[in-house]
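Visitor: take this sequence and fold it.
(one chain, ligands or ions: 1)
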Amino acid sequence: MASEQQRLAALRRYHILDTPSESSFDDIAQLAAYVCDTPVAVINFIDDRRQWFKSEVGLGVRETPLDISICAHAIRQEGLFVVQDTREDPRFAGNPLITGEPYLRFYAGALLTTPEGLALGTLCVLDYQPRILSERQQTLLAALARQVMRLLELGRTNRQQAEMLNDLDQTREKLAVLAATDPLTGLANRRAFSALLKQHHQQLTSRSEPASLLMIDIDYFKQLNDDYGHQVGDDALLHFARLARNVFRATDTIGRWGGEEFLVLLPNTDADRALVVAERLRSTLASTPVPTPAPQPTMTVSIGLVELSTTRSLSATLKRLDDTLYQAKQGGRNQTRVAI
Ligand SMILES: Nc1nc2c(ncn2[C@@H]2O[C@H](COP(=O)(O)OP(=O)(O)OP(=O)(O)O)[C@@H](O)[C@H]2O)c(=O)[nH]1
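Guide: You can find the predicted model right below:
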């Protein structure tokens, strides 16, 4: 025998309590009243302290306390619960719904039973005078109660499907982010950056604003790896990414182009302004040691800078940028060179 806690937990899983009226449930309540020829019909769920009505015909309330609930008795037994005359039944003698308004005299409730056999409530019909239900009416009332449960199951399935679709969307979004992200630094990876750069370059003609591109390469990174180990090398790359994120604006995109080479797209920025930002990054890096266990190495970067132009193809732009970076390396590193 299932416990009351199990029954209430099952009821909660349907998320039906305190939901608004729904015509599909109202139709069943109407049908129950019609089939049984009663003025009152209710789709009723027995909560922990109240009975709550998903749908009601002829009663005018949506819930009542549990201690005056006839349905609370109905769900404690098997099959249809019929009280032909409530005044004759000592269990309901003092019930205010019977002794006072609305003076209920007849009750018949068909159980709303889950597939696991837990009774959540009833589909019940009531009258203001004693009466009996025919076999046929009893059969139909039970059939309508099963339809209420089908609606509940349908609602639950729909909710589960919606949750699954939502999970799927979130997973898809996470995968899209992962596919576009460099796993070590969390920056845009080469593929994502290339796509963005291509798109931005294509839109240059329709934009009146300038845009600049930086190619940043860590100096003597092989030496740093050799001297301090690969792990410190990785820490240095992370350190670079963190500082770069602070220096550039949120509208700028930083991408890891290769091992220790990075590209930054600065929309709405001409070469003069881009140079100021590039130099800020360069000097910040040179004065901020990599936060690893001592000894903490300091690293420098060489930077090439080019302003995007509608008259220069993307590949030509990247070639020019690469050449400019090479000049910065040749010129002694730890410096920014602007393509002319
Ligand atoms: N720790 C670490 N090292 C990397 C990673 N990717 C590339 N590298 C290393 O970066 C180094 C790049 O070396 P080089 O291309 O010779 O450049 P460099 O030593 O920085 O010399 P210059 O650019 O001329 O100043 C190589 O030793 C790579 O193994 C990485 O993800 N983690």
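Visitor: excluding chain neighbours, what is closest to the residue of the stretch 101-250 of the chain at minimum distance from the ligand?
Guide: Nearest residue of the stretch 101-250 of the chain to the ligand: residue 233, at 2.4 Å (C-beta to the nearest ligand atom). Where C-beta positions appear, they are placed from N, C-alpha and C, glycine not excepted. Leaving aside its sequence neighbours, residue 233 sits nearest to residue 225 (C-beta to C-beta, 6 or more residues apart in numbering; 4.1 Å).
Visitor: does anything pack onto the helix or strand in which the residue of the stretch 101-250 of the chain closest to the ligand is found? Which helices or strands?
Guide: Per DSSP states H and E, residue 233 falls inside helix 230-247. With contacts defined as 3 or more C-beta pairs under 8 Å, 6 or more residues apart in numbering; DSSP states H and E, helix 230-247 has these neighbours: strand 211-218, helix 221-228, strand 253-258, strand 261-267, helix 271-286.
Visitor: one step back: doesn't residue 223 make contact with the residue of the stretch 101-250 of the chain closest to the ligand?
Guide: No. If you go by C-beta atoms under 8 Å, residue 233 and residue 223 don't touch, sitting 10.0 Å apart.
Visitor: so the two - more neighbours on which side?
Guide: Between residue 233 and residue 223, counted using other C-beta atoms under 10 Å, residue 233 has the larger neighbour count: 23 against 11.
Visitor: could you tell me which residues make contact with that one?
Guide: Residues in contact with residue 233 (C-beta atoms under 8 Å, 6 or more residues apart in numbering) are 221, 224-225.
Visitor: also residue 277?
Guide: Residues in contact with residue 277 (C-beta under 8 Å, 6+ apart) are 247-248, 266, 269.
Visitor: that older thread, now tabulate the contacts of residue 233 in CSV and tack on pLDDT.
Guide: What follows is those, written out as CSV (pLDDT from 0 to 100):
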residue, pLDDT
221, 97
224, 95
225, 95
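Visitor: separate out the buried members of these.
Guide: The neighbour count (16 or more other C-beta atoms under 10 Å) marks 221, 224-225 as buried among the contacts of residue 233.
Visitor: give me the pLDDT value at the residue of the stretch 101-250 of the chain closest to the ligand.
Guide: As predicted, residue 233 sits at a pLDDT of 96.
Visitor: verify the stated contact: residue 258 with residue 189.
Guide: No. If you go by C-beta under 8 Å, residue 258 and residue 189 don't touch, sitting 10.6 Å apart.
Visitor: those two: which has the busier surroundings?
Guide: More neighbours surround residue 189 than the other of residue 258 and residue 189, with 19 against 9 (other C-beta under 10 Å).
Visitor: so what's the more buried one closest to, chain neighbours aside?
Guide: residue 182 (4.4 Å).
Visitor: ok, residue 102 next?
Guide: Sequence neighbours aside, residue 128 is the residue nearest to residue 102 in space, at 6.7 Å (criterion: C-beta to C-beta, 6+ apart).
Visitor: number of residues surrounding the one you found?
Guide: Residue 128 is flanked by 14 other residues according to other C-beta under 10 Å.
Visitor: what does the one 3 residues further on give?
Guide: Residues within reach of residue 131, counting by other C-beta under 10 Å, total 16.
Visitor: ok, for it, nearest residue in space, not its chain neighbours?
Guide: residue 106 (4.8 Å).
Visitor: that neighbour: neighbour count?
Guide: Residue 106 has 22 neighbours, counted by other C-beta under 10 Å.
Visitor: my guess is it meets residue 86, correct?
Guide: Yes. In terms of C-beta under 8 Å, residue 106 counts as a neighbour of residue 86; the distance is 7.1 Å.
Visitor: which residues touch the residue with the largest distance to the centre of the chain?
Guide: Of all residues in the chain, the one whose C-alpha sits farthest from the chain's mean C-alpha position, using C-alpha atoms, centre = their mean, is residue 88 at 55.2 Å. Listed by C-beta under 8 Å, 6+ apart, the contact partners of residue 88 are residue 130.
Visitor: so how far is residue 168 from it?
Guide: 58 Å (C-beta to C-beta, to the nearest Å).
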